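Novice: Got a predicted structure plus its sequence, pasted below:
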Amino acid sequence: MSNSTQNRRQFIKTSGKAGMAIAAMPIFSNIATNSFDITAYQQHPLPYAYNALEPFIDAMTMEIHYTKHAATYATNLKDACVAEKVDTTQLAFTDLIKNISRYSPKMRNNAGGHYNHELFWQLMKPAPATAPSGTLADAITKTFGSFDAFKTAFGDAAKTRFGSGWAWLVLKKEGGLAICSTPNQDNPLMDIAEVKGFPLVGLDVWEHAYYLKYQNKRPDYITNWWNLVNWEFVQKRFDEATH
Ligand code: MN
């Protein structure tokens with residue numbers, strides 16, 4: 001059994017309490033082969049109630065987003081794995097994502113959709129948000145000048161992503177932080193991504209993520225979203241990936 005499979009199994013075994021298993025994850029030293037694996041082939045329970053992120057994201061949006069949109073990605077991923085003969089007991093989910101060019105467009109859209117949403121739920125927590133601290137804060141300041149400058153640049157990437165997609169803070173494959181965005185359900189782990197690396201922060205800018213409350217006002221959704229970012233979780237991802 002490969003390390004990554006073992007780690008994934010360990011995660012599945014201990015992930016009954018939503019996000020609580022993350023603290024028990026092993027430390028990895030090489031993000032190229034052993035990324036910090038929060039995801040599995042199936043949906044984990046949402047780590048908070050549908051209304052927990054109000055007033056910034058409303059309960060109806062969360063419920064539809066989690067039980068309809070995200071659940072459909074997970075179901076379609078399962079179907080694609082059967083059709084394309086992926087042995088999900090042997091291949092770690094992140095390894096599939098990293099080699100996504102080998103699979104169909106259906107696999108790309110739904111594996112990406114599933115990964116991105118599983119990450120997105122964990123990246124949020126009920127307000128108020130704290131600011132990053134420690135090594136992550138240092139890296140952000142060093143790369144972008146200040147936390148505010150980072151938020152502005154990230155917000156610009158999110159606002160200017162035409163149509164549906166995601167904005168990302170990425171730990172680049174060659175090291176260092178970068179901001180980028182991807183179309184549809186692509187993400188920076190994928191071998192087809194323009195900017196490749198380990199996603200630390202991802203913001204869903206599909207209309208389904210904000211339309212009920214914000215309608216066409218994507219910039220207001222983006223501004224308000226900072227109230228929900230779980231920086232302790234982001235710091236953990238950063239620590240694991242840079243250890
Ligand atoms: Mn979404």
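Specialist: Yep, it's here. Residues are numbered from 1 along each chain as shown.

Novice: near the ion, anything from the one helix or strand residue 198 maps to?
Specialist: Per DSSP states H and E, residue 198 falls inside strand 197-204. Yes - using C-beta under 5 Å from the ion, we find that strand 197-204 touches the ion at residue 204. No exception for glycine: its C-beta is placed from N, CA and C like everyone else's.

Novice: That strand packs against which elements?
Specialist: Counting contacts by 3 or more C-beta pairs under 8 Å, 6 or more residues apart in numbering; DSSP states H and E, strand 197-204 packs against helix 105-122, helix 147-160, strand 165-172, helix 231-242.

Novice: now the ones you listed in a markdown table, with mean neighbour count, mean pLDDT and distance to the ion?
Specialist: Below are the helices and strands packed on strand 197-204 laid out as a markdown table (neighbours: other C-beta atoms under 10 Å; pLDDT from 0 to 100; distance: least, C-beta to the ion, whole Å):
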| stretch | mean neighbour count | mean pLDDT | distance to the ion |
| --- | --- | --- | --- |
| helix 105-122 | 22 | 97 | 6 |
| helix 147-160 | 17 | 98 | 13 |
| strand 165-172 | 24 | 98 | 9 |
| helix 231-242 | 19 | 92 | 18 |
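
Novice: any idea of the angle the strand holding residue 198 forms with strand 165-172?
Specialist: 150 degrees (axes from the mean of the first three to the mean of the last three C-alpha atoms, to 10 degrees).

Novice: Now do strand 197-204, average pLDDT.
Specialist: Per-residue pLDDT values across strand 197-204 average out to 97.

Novice: Check stretch 180-187 too.
Specialist: Average pLDDT, stretch 180-187: 98.

Novice: Please parse the chain into its domains.
Specialist: Listed by automatic domain parsing, the domain ranges of the chain are 3-122, 134-242.

Novice: Tabulate the ones you listed (TSV), appending distance to residue 128.
Specialist: Listed next are these as TSV, based on distance: least, C-beta to C-beta, whole Å:
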stretch	distance to residue 128
domain 3-122	10
domain 134-242	6
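
Novice: related to what we said a few turns ago, same list (the helices and strands packed on strand 197-204) but as TSV, adding distance to residue 201.
Specialist: Formatted as TSV, the helices and strands packed on strand 197-204 follow (distance: least, C-beta to C-beta, whole Å):
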stretch	distance to residue 201
helix 105-122	9
helix 147-160	7
strand 165-172	4
helix 231-242	6
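
Novice: which parts of the chain sit against the ion?
Specialist: Counting by C-beta under 5 Å from the ion, the chain sits next to the ion at 204, 206, 209.

Novice: Mind jotting down where the helices sit in this structure?
Specialist: Taking DSSP state H as the criterion, the chain carries its helices at 3-14, 59-64, 71-83, 93-98, 105-122, 134-144, 147-160, 211-214, 218-225, 231-242.

Novice: average model confidence for the second one?
Specialist: Spelled out, that is helix 59-64. For helix 59-64, mean pLDDT rounds to 98.

Novice: And the residue most central in space within the chain, how far from residue 217?
Specialist: What sits nearest the mean C-alpha location of the chain, by C-alpha atoms, centre = their mean, is residue 119, with 3.1 Å. Per C-beta to C-beta, to the nearest Å, residue 119 is found 24 Å from residue 217.

Novice: Tell me the pLDDT of the residue nearest to residue 59 when sequence neighbours are not counted.
Specialist: Distances taken as C-beta to C-beta, 6 or more residues apart in numbering put residue 51 closest to residue 59, at 3.8 Å, once the chain neighbours are dropped. Looking at residue 51, its pLDDT reads 98.

Novice: Please apply the same query to residue 26.
Specialist: Note for residue 26: predicted pLDDT of 34.
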